[in-house]
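Enquirer: sequence unavailable; structure follows:
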């Protein structure tokens, strides 16, 4: 169990589930640029449904161990000059 700032119980197992991950992926805007890893929104949208299961498990583990991999904060910024 985790505790939020209001001291109410937070259960990562029930808060982050497969249906939530799937709905978040389905709500992403299409046609955006891929990240530094080369994964675009379309990759997520058209992937196997098992991906939502694996992502929800990954998020659960990140919450459980309070750990976010360093690569998750990597961005690539490019400027375009006309």
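Expert: That came through fine. No experiment lies behind these values; they were computed from the predicted model shown. Numbers count the residues shown, from 1 in each chain.
Enquirer: ok, which stretches of the protein are strands?
Expert: For the chain, applying DSSP state E gives strands covering 2-3, 9-10.
Enquirer: now do the same for residue 78: its pLDDT.
Expert: With respect to pLDDT, residue 78 scores 71.
Enquirer: comparing the strands of the chain by mean pLDDT, which bottoms out?
Expert: With a mean of 53, strand 2-3 has the lowest mean pLDDT of the strands of the chain.
Enquirer: okay, helices next: where are they in the protein?
Expert: Along the chain, counting by DSSP state H, helices occupy 12-15, 18-26, 41-45, 50-65.
Enquirer: those: which one's closest to residue 80?
Expert: Residue 80 lies closest to helix 41-45 among the helices of the chain, at 20.6 Å (C-beta to C-beta). Glycine gets a C-beta too; all of them are placed from N, C-alpha and C.
Enquirer: how long is stretch 34-45 from one end to the other?
Expert: Stretch 34-45 has an end-to-end distance of 13 Å (C-alpha to C-alpha, to the nearest Å).
Enquirer: just the buried residues of that stretch, please?
Expert: If you call a residue buried by 16 or more other C-beta atoms under 10 Å, then stretch 34-45 has these buried ones: 40, 41, 44.
Enquirer: skip the chain neighbours and tell me the closest residue to the first one.
Expert: Read that as residue 40. Closest residue to residue 40 apart from its sequence neighbours, by C-beta to C-beta, 6 or more residues apart in numbering: residue 34 at 4.0 Å.
Enquirer: where are the low-confidence patches of the protein?
Expert: Applying pLDDT under 70 to the chain flags the ranges 1-10, 12-13, 82.
Enquirer: okay then, goodbye and thanks.
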